[in-house]
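1. Fold the following, please.
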Amino acid sequence: MRLATISSALLSALLLFSGVGAAAVADKKAPSCAAKAKKAAVKAIESAYEVVINGTNADHTLDEKLSLIEGADDPGFRAVLEDVATTHADDLNTTTVVVQEVVCTGKRTAGVRFQLVLDGEPDGGLAPPGGAVVDNGLWKVTRATVCQLVALADPTLLEHGPCASALASLN
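-> Below is the predicted model:
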């Protein structure tokens with residue numbers, strides 16, 4: 001049952017409220033993940049993960065969180081995310097994230113290794129490797145990363161719809 005609790009908490013934290021401002025991530029033009037701007041890009045990526053996944057602070061709306069998820073402007077994907085947020089709302093205050101490493105894979109893409117912290121306990125190995133991408137001038141958590149996380153609670157989300165498409169594009 002711990003996995004069910006973990007998954008439920010993760011989904012709520014992923015999609016509801018958190019404590020880092022989107023303004024810390026947003027800029028007219030996201031810093032490049034190269035040369036002198038790399039440090040700023042890594043900071044923006046870490047901030048995006050914090051906003052999207054940290055559920056221990058209720059400073060941001062669902063819309064603000066969704067603004068830092070790649071592709072969340074797609075109506076079908078947004079509907080999936082909103083449904084997950086509503087279904088798992090009771091568990092939002094139990095999950096945080098620790099970004100362990102950001103590896104630039106291009107000027108506008110990065111790999112992210114992170115750990116979920118559930119009820120104050122690090123849960124090593126639960127979170128799959130993630131990604132970040134510049135989308136509409138912001139560093140955002142990739143659609144595939146979010147889909148892998150929501151699938152921890154509902155694996156059927158990977159069988160059809162927007163998440164199935166997002167993960168199929170990785171292969």
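2. For the rest of this, base every contact and every neighbour count on C-alpha atoms.
-> Will do.
3. Just list what the longest helix seen in the chain packs against, helices and strands only.
-> Counting residues, the longest helix found in the chain (DSSP state H) is helix 38-53. In terms of contacts (3 or more C-alpha pairs under 8 Å, 6 or more residues apart in numbering; DSSP states H and E), helix 38-53 is packed against helix 2-15, helix 62-66, strand 95-104, strand 138-141.
4. again, only using 10 Å
-> helix 2-15, helix 62-66, strand 95-104, strand 109-118, strand 130-135, strand 138-141, helix 143-150 (3 or more C-alpha pairs under 10 Å, 6 or more residues apart in numbering; DSSP states H and E).
5. now for the fourth one, which elements pack on it?
-> In terms of contacts (3+ C-alpha pairs under 10 Å, 6+ apart), strand 109-118 is packed against helix 2-15, helix 38-53, strand 95-104, strand 130-135, strand 138-141.
6. right, so of these, which gets closest to residue 73?
-> Nearest to residue 73 among those is strand 130-135 (10.9 Å), distances taken as C-alpha to C-alpha.
7. that older thread, buried residues in the longest helix of the chain?
-> If you call a residue buried by 16 or more other C-alpha atoms under 10 Å, then helix 38-53 has these buried ones: 38, 40-42, 44-53.
8. pLDDT weak spots in the chain?
-> Across the chain, the ranges flagged by pLDDT under 70 are 1-28, 57, 89-93, 170-171.
9. Switch the helices and strands packed on strand 109-118 over to TSV, and while doing so, append distance to residue 69 to every line.
-> Formatted as TSV, the helices and strands packed on strand 109-118 follow (distance: least, C-alpha to C-alpha, whole Å):
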stretch	distance to residue 69
helix 2-15	10
helix 38-53	7
strand 95-104	15
strand 130-135	9
strand 138-141	5
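10. To residue 80, which of these lies closest?
-> For the helices and strands packed on strand 109-118, proximity to residue 80 was assessed by C-alpha to C-alpha; helix 2-15 is nearest, at 10.7 Å.
11. The longest helix of the chain vs strand 130-135, what angle?
-> 110 degrees (axes from the mean of the first three to the mean of the last three C-alpha atoms, to 10 degrees).
12. quick revisit: most tightly packed of the helices and strands packed on helix 38-53?
-> When the helices and strands packed on helix 38-53 are scored by mean count of other C-alpha atoms under 10 Å, the highest mean neighbour count falls to strand 138-141 (a mean of 30).
13. how about that one as PDB, C-alpha atoms only?
-> Written as PDB, here are the backbone C-alpha positions of strand 138-141 (Å, rounded to 0.1, in the frame of the first residue of the first chain):
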ATOM      1  CA  LEU A 138      10.600  29.200 -20.100                       C
ATOM      2  CA  TRP A 139      12.400  26.200 -18.800                       C
ATOM      3  CA  LYS A 140       9.700  23.600 -18.200                       C
ATOM      4  CA  VAL A 141       9.400  20.000 -16.900                       C
END
